[in-house]
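Asks: the amino acid sequence is not available; the structure is as follows:
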């Protein structure tokens with residue numbers, strides 16, 4: 001497995017890598033969900049993160065603009081990059097925060113589509129199982145949240161990775177309580193997550209390969225890069241020709257192009273609360289295509305031959321547009 005050859009920079013990461021080698025011998029395949037493309041073979045969706053604040057901090061305004069773009073693009077679904085409910089997740093399936101921060105906010109006709117969601121670090125401070133429960137989908141059928149899973153379309157495979165357990169500092173946090181049920185033993189959980197992802201990417205024949213996680217691999221935002229993901233996850237993405245890595249966590253919008261692979265790093269964490277100047281780096285590197293320290297969201301439009309990414313602010317203005325293409329051979 002190539003990612004084990006990547007040299008760790010800290011003692012703790014070395015130990016984690018060694019533990020992964022020891023534990024990876026079998027894994028349960030993550031849930032797989034099929035989502036059809038449009039009749040013309042195209043696919044479009046929105047990406048939003050770090051949003052659930054009962055409409056405050058411009059969450060409602062962002063949702064309004066999402067609705068307009070969703071209808072214009074006739075989106076197929078919405079992706080949430082985590083930190084779905086602030087500050088401490090949900091208390092249970094009957095927590096009114098779910099409806100107050102989700103159902104009553106994203107009311108536009110264009111947003112009445114499937115939402116594919118992952119967990120963020122704030123979600124882990126609450127009742128994780130509540131967000132994962134089928135019971136909560138009975139309250140709002142749009143909601144689908146799992147730890148790690150795959151959405152398979154006719155042209156794109158989208159792999160969702162539960163990144164919070166990768167981050168060591170959360171396990172030493174004395175200020176907050178995290179619900180690690182279903183994660184421990186941590187090293188085995190991470191090893192199996194990585195092995196399942198690598199296997200899925202290796203077997204994928206999709207035209208476009210995307211990975212979604214809550215935490216950033218590359219970012220100029222306040223939280224910045226996630227060392228554990230650079231060491232353990234990034235080599236797998238590079239080895240398997242992943243096109244996009246999409247995340248939240250940093251409350252900003254940004255696009256960074258990899259300098260040594262085709263990967264585009266896309267941060268969409270502007271769903272509600274954001275701060276001007278929320279950055280650690282005045283200048284990042286040559287791969288920085290776009291950075292905005294404010295609220296907003298992202299859209300993705302795909303065909304077999306082309307992908308287009310757009311970022312929008314709270315007024316619906318297009319702040320950044322980027323397009324790429326691939327050679328397309330139609331079936332005979």
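Replies: That came through fine. Please read these numbers as outputs of a predicted model, since none were measured by experiment.
Asks: identify the bridge partners of the residue lying closest to residue 113 once chain neighbours are set aside.
Replies: Nearest-residue entry for residue 113: residue 77, 5.1 Å, with adjacent residues in sequence omitted and distances by C-beta to C-beta, 6 or more residues apart in numbering. (C-beta placed from N, C-alpha, C; glycine too.) Residue 77 has the following beta-bridge partners by DSSP bridges: residue 45, residue 114.
Asks: contacting residues for residue 77?
Replies: 35, 45, 113, 114, 115, 116, 151 (C-beta atoms under 8 Å, 6 or more residues apart in numbering).
Asks: same thing with residue 275?
Replies: Taking C-beta under 8 Å, 6+ apart as the test, what residue 275 contacts is 222, 251, 293.
Asks: what kind of secondary structure is it in?
Replies: When classified by DSSP: H, G, I helix; E, B strand; the rest coil, residue 275 comes out as coil.
Asks: most neighbours, which of the contacts of residue 77?
Replies: With neighbours taken as other C-beta atoms under 10 Å, the top of these is residue 45, carrying 25 neighbours.
Asks: contacting residues for residue 147?
Replies: Residue 147 touches 30, 118, 119, 132, 162, 182, counting by C-beta under 8 Å, 6+ apart.
Asks: number of residues surrounding the nearest residue to residue 150 once chain neighbours are set aside?
Replies: Nearest non-adjacent residue to residue 150, counting by C-beta to C-beta, 6+ apart: residue 32, 4.7 Å away. Neighbourhood size, residue 32 [other C-beta under 10 Å]: 11.
Asks: elements contacting the helix or strand containing residue 63?
Replies: Here residue 63 sits within helix 59-73, counting by DSSP states H and E. With contacts defined as 3 or more C-beta pairs under 8 Å, 6 or more residues apart in numbering; DSSP states H and E, helix 59-73 has these neighbours: strand 43-48, strand 296-302, strand 306-313.
Asks: can you redo these as JSON lines with distance to residue 264 and mean pLDDT?
Replies: Listed next are those as JSON lines, based on distance: least, C-beta to C-beta, whole Å; pLDDT from 0 to 100:
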{"stretch": "strand 43-48", "distance to residue 264": "12", "mean pLDDT": "98"}
{"stretch": "strand 296-302", "distance to residue 264": "11", "mean pLDDT": "98"}
{"stretch": "strand 306-313", "distance to residue 264": "7", "mean pLDDT": "98"}
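Asks: got TSV for the ones you listed, with distance to residue 206 too?
Replies: TSV is the format used below for these (distance: least, C-beta to C-beta, whole Å):
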stretch	distance to residue 206
strand 43-48	11
strand 296-302	10
strand 306-313	12
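Asks: between those strands, which one is closest to residue 257.
Replies: Ranking the helices and strands packed on helix 59-73 by distance to residue 257, with C-beta to C-beta as the measure, places strand 306-313 first at 11.1 Å.
Asks: just how off-centre is that closest one within its chain?
Replies: Centre-to-centre, strand 306-313 and its host chain are 16 Å apart (C-alpha atoms, centre = their mean, to the nearest Å).
Asks: what does that strand rub up against?
Replies: 65, 69, 208, 243-244, 253, 255, 264, 266, 268, 290, 292, 294-302, 318-326.
Asks: near residue 80, how many other residues are there?
Replies: Per other C-beta under 10 Å, the neighbour tally for residue 80 reads 29.
Asks: now do the contacts for the nearest residue to it once chain neighbours are set aside.
Replies: Of all residues not flanking residue 80 in the chain, residue 117 sits nearest, at 3.9 Å (C-beta to C-beta, 6+ apart). Neighbour list for residue 117: 79, 80, 82, 84, 131, 143, 144, 145 [criterion: C-beta under 8 Å, 6+ apart].
Asks: per-residue confidence for the last one?
Replies: By that I understand residue 145. Turning to residue 145, the model gives it a pLDDT of 98.
Asks: and for the fifth one?
Replies: What the model reports as pLDDT for residue 131 is 97.
Asks: any idea how far residue 140 is from it?
Replies: 12 Å (C-beta to C-beta, to the nearest Å).
Asks: more crowded one of these two?
Replies: More crowded of residue 131 and residue 140, by other C-beta under 10 Å: residue 131, with 24 against 15.
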